[in-house]
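Peer 1: below are the sequence and a predicted model; questions follow.
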Amino acid sequence: MTNLERALNVAEVAHANQKYDIYSYMYHIKQVVKIATELGYDETILVACALHDVMEDADLSYNDIKKAFGIDVAEVVFAVTDELGRNRKERKEKTYPKIRANWKAVAVKICDRIANATHSHHEGGKNGMFKLYQKEHIDFCRNLGADNPHEETKKAWERLERLLG
């Protein structure tokens, strides 16, 4: 079994009782992994995409992820895990510096944003999230370094810009 297959299995168990709109949460996880695969990212990023919400939404720790998948994956998942805050804006403001410090975390976060925005757009914006992602787009780009991107994140930024820009 590959690391990605193991990570998808861990995510499936971790998100077993969660929904993503009307779908199982794995629909979202698989979309994020698919986008990262299409963009040609390496195994560390693909595995981190599969696990990107497990610390935030399930009872898995940094050390659990480090033990099973190594420090590089654990660092990326930690970086994209929202910090605590009174509201969405405060959580994002506290989390963005962690993400920006690790280009692989930036790539994972962009893939996650592409998946969320694409789903919201295809659902006709019924839940208002597509408009929220459009409204947040400038801050998202500024906080995660779109103005001076790491070479490996340029293709992800370009795809996100086509979607929300």
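Peer 2: Structure received.

Peer 1: tell me which element residue 60 is part of?
Peer 2: For residue 60, there is no host helix or strand (DSSP states H and E).

Peer 1: likewise for residue 6?
Peer 2: Residue 6 belongs to helix 3-14 when assigned by DSSP H and E.

Peer 1: contacts for that helix?
Peer 2: Defining contact as CB atoms under 8 Å, 6 or more residues apart in numbering, one finds that helix 3-14 is touched by 1, 25-26, 29-30, 33, 43, 46-47, 50-51, 53-54, 57-60, 68-69, 73. Using the backbone N, CA and C atoms, a C-beta is placed for each residue, glycine as well.

Peer 1: among those, name the ones in helices.
Peer 2: Residues of these located in helices (DSSP state H): 25-26, 29-30, 33, 43, 46-47, 50-51, 54, 57, 68-69, 73.

Peer 1: could you give the mean pLDDT of whichever helix in the chain runs longest?
Peer 2: Secondary structure of the chain per DSSP H: the longest helix is helix 103-122. Across helix 103-122, the average pLDDT comes to 96.

Peer 1: helices and strands around that helix, which ones?
Peer 2: Applying 3 or more CB pairs under 8 Å, 6 or more residues apart in numbering; DSSP states H and E, we find helix 103-122 packed against helix 25-38, helix 43-51, helix 71-80, helix 88-100, helix 129-144, helix 154-164.

Peer 1: of those helices, which is nearest residue 122?
Peer 2: Nearest to residue 122 among the helices and strands packed on helix 103-122 is helix 129-144 (9.1 Å), distances taken as CB to CB.

Peer 1: pull out the buried residues from the closest one.
Peer 2: 129, 130, 133, 134, 136, 137, 140, 141, 143, 144 (16 or more other CB atoms under 10 Å).

Peer 1: other residues contacting that helix?
Peer 2: 92-93, 96-97, 99-100, 106, 109-110, 113, 116-117, 120-121, 125, 146-147, 157, 164-165.

Peer 1: and the residues you listed, which are buried?
Peer 2: 92, 96, 99-100, 106, 109-110, 113, 116-117, 120-121, 146, 157, 164.

Peer 1: good, wrapping up.
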